[in-house]
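[1] return atomic coordinates for the entry below.
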Amino acid sequence: MAIVRFVVWRQRRSKLRKFGDPELLKQLMPDVSKYRPTVKFWLLMSAIAILICMIARPQMGTKVSHEKRNGIEAIIALDISNSMMAEDVMPSRLAKSKLLVENMVDHFNNDKVGLVVFAGDAFVQLPITSDYVSAKMFLQNIEPSLIATQGTDIARAITLSESSFTQQDKVGKAIIVITDGEDHEGGALEAAKDARKKGINVFILGVGDPKGAPIPDGNGGYLKDNTGQTVMSALNEQMCQQIAEAGSGTYIHVDNTNEAQEKLNDELTKLQSGETNSVIFSEYNEQFQAFGLILIFLLIAEICVLESKNPLVKNVRLFKKKK
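    Prediction:
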């Protein structure tokens with residue numbers, strides 16, 4: 001914009017010279033100011049520069065502090081196999097499980113939580129953290145399509161959860177496995193015993209009906225096997241109880257009531273609470289207000305400065321030339 005103004009100014013000056021001598025033209029146009037248009041232009045340019053800075057949201061005052069909190073560490077291992085889409089628990093096994101986890105996180109205060117999802121394989125969805133907002137956000141994005149390998153490998157989920165805790169000592173640690181209990185890979189009992197040896201309690205939340213329920217195929221029907229029969233997915237309570245016992249935890253049946261939520265909260269409060277180190281980020285202090293005030297001042301000044309000389313003050317002379 002400065003370059004464009006310079007080019008326009010050169011063209012204007014060239015055209016004025018064609019009319020006559022610059023000194024004579026100056027006398028013929030006594031109200032024309034030589035400096036005011038330039039002042040107005042740079043006031044406007046300054047206002048635009050300040051506006052850009054304000055839109056960039058300048059911030060100050062951030063700091064990182066390490067705080068010690070008293071709480072537990074919980075890794076939630078959530079089964080996302082296709083069988084978790086069964087609707088014997090409303091609205092579905094998976095939806096009910098996600099709601100249960102969300103309510104559990106709401107009851108956390110100084111605790112840390114992590115998310116592991118598993119089916120035929122397992123991976124960490126959210127590393128252990130005290131950021132409950134992020135935990136809920138990651139929880140909402142959990143769907144069976146996250147893992148291509150179908151099945152239910154509970155052993156892999158427990159083993160991965162074991163390695164997801166911090167190295168803090170004297171802190172109650174719990175692995176909360178939420179599943180319908182259809183373990184297709186085996187080794188879950190051994191994994192739970194190994195977790196118990198490391199001081200980690202393994203809780204099993206069994207979701208579904210032991211009598212079984214069909215699995216929706218997403219097209220209004222239900223999954224069928226190779227013979228054309230509807231696949232029925234049933235909660236294996238016996239296996240869930242054995243895993244919980246091996247992991248020195250508790251088995252809790254999840255149905256359409258809130259009893260499972262209350263039982264889980266009671267069990268978690270029994271765990272030993274210890275000091276955990278948490279990194280706390282302070283909020284940014286917005287500084288755009290100061291730039292906004294400067295912007296308003298510059299715009300008012302640009303409006304008040306006229307391009308022509310003010311007739312009220314044109315005869316005012318601060319300095320007189322010597323004769």
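
[2] pLDDT of stretch 262-273, averaged?
    Averaging pLDDT along stretch 262-273 gives 80.

[3] buried stuff in stretch 178-187?
    Judged by neighbour count (16 or more other Cβ atoms under 10 Å), stretch 178-187 contains these buried residues: 178-183. For every residue, glycine as well, the C-beta is placed using N, CA and C.

[4] show me what it is in contact with.
    Here stretch 178-187 makes contact (Cβ atoms under 8 Å, 6 or more residues apart in numbering) with 76-79, 81, 83-84, 86, 93, 97, 100-101, 120, 151-156, 204-208, 233-237, 239-240, 254.

[5] show the buried residues in those.
    76-79, 81, 83-84, 86, 93, 97, 100-101, 151-156, 204-208, 233-237, 239-240, 254.

[6] for the protein, give me the ranges with low pLDDT.
    22, 25-26, 28-30, 62-70, 183-184, 272-284, 308-323 (pLDDT under 70).

[7] excluding chain neighbours, what is closest to the residue nearest the centre of it?
    Residue closest to the average C-alpha location in the chain (Cα atoms, centre = their mean): S134, at 5.0 Å. Residue nearest to S134 in three dimensions, not counting chain neighbours: L126, with 6.7 Å by Cβ to Cβ, 6 or more residues apart in numbering.

[8] with P214 as the reference, measure out to M232.
    6 Å (Cβ to Cβ, to the nearest Å).

[9] give me the subset of the contacts of stretch 178-187 lying in helices.
    93, 97, 100-101, 154-156, 237, 239-240 (DSSP state H).

[10] counting by contacts, list what the one helix or strand K263 maps to packs against.
    Using DSSP states H and E, K263 maps to helix 259-269. When contacts are defined as 3 or more Cβ pairs under 8 Å, 6 or more residues apart in numbering; DSSP states H and E, helix 259-269 packs onto helix 93-107, strand 200-207, strand 251-254.

[11] list the buried residues in the first one.
    Within helix 93-107, the residues that qualify as buried are 93-94, 96-98, 100-101, 104-105, counting by 16+ other Cβ under 10 Å.
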